[in-house]
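*Asks:* sequence first, then the predicted structure, then my questions.
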Amino acid sequence: MPLLLERQAAAQNEVLQFRVPILEPIAVTDQVVIPVGIVDLATFRDWCQSDQFPKVGRIDYSRGIIDVDLSTEQLYDHNQVKVAIAACIFYLLKTLRIGRVFGDGARLVMPDADRSTEPDVLFVSFDSLRNGRVREIPGRQHGLMEFEGAPDLVVEVVSDSSVGKDLRELKEQYFEQGVLEYWIVDARREPLRFEILWRGSDGFEPLATTDGWQRSLVLGRAFQFEQQVDERGRPMFELLVRE
């Protein structure tokens, strides 16, 4: 049996890690089965493009480890934050016309960091596609299935099951791959944490803020999160933008 490296179970959260090679099928759940034959990033990518790849959970590969996150997504402090970010950037790009933004489920392969993951939000500029910093990888049957390389901007929204990964592991690996800008948002408690990090010489570094506004060098705009509540007392998030 492959080595089960870590198991965290709390309420509806379930995070499992397995070391390759996978020598026999692993039935994590009825819907999530890791097949025989995954030995490296290349074979993991083959699985991702197959019909057998699970449609539930977040499944990543990182340096010989398959990370299966089956935690239930929180609707207000995670899902709604992603929607606010993607919507803001989407409408901004209708004016700027410098690239495309992609939401949850867009797979990013980073060969230099030996990782395959699905960021919460990512932005790819047309310049990066033209100069080869990022490549579009077609699917086996139709469409595009992956981006490969170093996108201009990656966003991760912290959840209870991803704290260590978002704040340390992914942060280091996005930098290693060459990602230009990394946004971290944590809305699990007030005040909301929002950081725009730009790559320095040895790692990502925070940019200066002005009256709570943080500037994105990639998008050429300043951003600030606004948090309110709706008529039922549920949190509402809006990502504000200004020149």
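*Replies:* Now that the structure is in, tell me what you want to look at.

*Asks:* which residues touch the most centrally placed residue in the chain?
*Replies:* Among the residues of the chain, the one closest to the centroid is P119, at 1.3 Å (Cα atoms, centre = their mean). The neighbourhood of P119, defined by Cβ atoms under 8 Å, 6 or more residues apart in numbering, consists of 106, 108, 154-156. To be clear about C-beta, it is placed using only N, CA and C from the backbone, and glycine gets the same treatment.

*Asks:* same list (those) but as a markdown table, adding distance to R130.
*Replies:* Listed next are those as a markdown table, based on distance: Cβ to Cβ, whole Å:
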| residue | distance to R130 |
| --- | --- |
| A106 | 19 |
| L108 | 18 |
| V154 | 20 |
| V155 | 23 |
| E156 | 26 |
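
*Asks:* roughly how far does D60 sit from R107?
*Replies:* Between D60 and R107 the computed distance is 9 Å (Cβ to Cβ, to the nearest Å).

*Asks:* overlap in contacts, these two.
*Replies:* 116-118.

*Asks:* these in strands, which ones?
*Replies:* 116-117 (DSSP state E).

*Asks:* of the shared contacts of D60 and R107, grab the buried ones for ChimeraX.
*Replies:* Listed next is the ChimeraX selection for buried residues among the shared contacts of D60 and R107, using 16 or more other Cβ atoms under 10 Å:
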select :116,117,118
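
*Asks:* element containing the residue nearest to C88 when sequence neighbours are not counted?
*Replies:* Sequence neighbours aside, L239 is the residue nearest to C88 in space, at 3.9 Å (criterion: Cβ to Cβ, 6 or more residues apart in numbering). Secondary structure assignment for L239, by DSSP states H and E: strand 235-242.

*Asks:* swap in I89?
*Replies:* helix 80-96.

*Asks:* C-terminal to that helix, what's the next element?
*Replies:* Counting by DSSP H and E, what follows helix 80-96 is strand 99-102.

*Asks:* buried residues of that next one, list them for me.
*Replies:* For strand 99-102, by 16+ other Cβ under 10 Å, it's 99, 101-102.

*Asks:* for stretch 70-87, same thing?
*Replies:* Buried-residue list, stretch 70-87, by 16+ other Cβ under 10 Å: 70-71, 74, 77-78, 80-82, 84-86.

*Asks:* closest to R232 among those?
*Replies:* Distances from R232 to these, taken as Cβ to Cβ, are shortest for Q80 (13.2 Å).

*Asks:* the closest one and P235 touch, don't they?
*Replies:* Yes - counting by Cβ atoms under 8 Å, Q80 does reach P235; the two are 7.3 Å apart.

*Asks:* show me the domain layout of the chain.
*Replies:* 4-69, 75-242 (automatic domain parsing).

*Asks:* pick the most buried one from the ones you listed.
*Replies:* Of the domains of the chain, the one with the most neighbours on average (mean count of other Cβ atoms under 10 Å) is domain 75-242, at a mean of 17.
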